[in-house]
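Peer 1: Here's my sequence, what's the structure:
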Amino acid sequence: MIKIYHNPRCRKSREGLALLESKNIEFEVVKYLERPIDFDELKGIIDLLDISPINLVRTTEKIWKENFKGKDLSDSEIIQAMIDQPKLIERPIIVSQNKAVIGRPSANINLIV
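Peer 2: Alright, predicted model coming up:
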């Protein structure tokens, strides 16, 4: 089943959700600010995205700038920062079986659905 990791307050995330809804396909919405993602789940998503953890971080967020910017962090520490501060996670993320994309722009979603 397709999952969308969604933040309802984010315009791009809402656009991604609308795109999925327009396709009339079954999917699960994961509101990751309400139901936190654990380390293994986030690591698995990063592996499916085939990116480094830092590439999933919203580095322009105030939380990142004030607490992490300029620090030499390991991949595990970056993942843990996103677990501790889920607002740092880029969104939306769409996962379909063994593939995943960041839905920015929302047209990226068409690559896996």
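
Peer 1: pLDDT below threshold where in this structure?
Peer 2: Of all residues in the chain, none has pLDDT under 70.

Peer 1: At which residues are the strands of it located?
Peer 2: Taking DSSP state E to define them, one finds strands in the chain at 2-5, 27-30, 93-96, 99-102.

Peer 1: Just name the most buried of those.
Peer 2: strand 93-96 (a mean of 23; mean count of other Cβ atoms under 10 Å). All C-beta atoms are positioned from the backbone trio N, CA, C, and that covers glycine.

Peer 1: hmm, back to that, would you list the strands of the chain in JSON lines and tack on distance to residue 36?
Peer 2: Shown next, in JSON lines, are these (distance: least, Cβ to Cβ, whole Å):
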{"stretch": "strand 2-5", "distance to residue 36": "11"}
{"stretch": "strand 27-30", "distance to residue 36": "10"}
{"stretch": "strand 93-96", "distance to residue 36": "14"}
{"stretch": "strand 99-102", "distance to residue 36": "18"}
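
Peer 1: right, and those strands - which one's nearest residue 51?
Peer 2: strand 99-102 (8.3 Å; Cβ to Cβ).

Peer 1: Please state the offset of the closest one from the chain centre?
Peer 2: Centre-to-centre, strand 99-102 and its host chain are 9 Å apart (Cα atoms, centre = their mean, to the nearest Å).

Peer 1: ditto for stretch 81-99
Peer 2: On Cα atoms, centre = their mean, the centre of stretch 81-99 falls 2 Å from the chain's centre.

Peer 1: sorry, back to before: which one of the strands of the chain lies nearest to residue 17?
Peer 2: Minimum separation from residue 17 across these (Cβ to Cβ) falls at strand 2-5, 6.0 Å.
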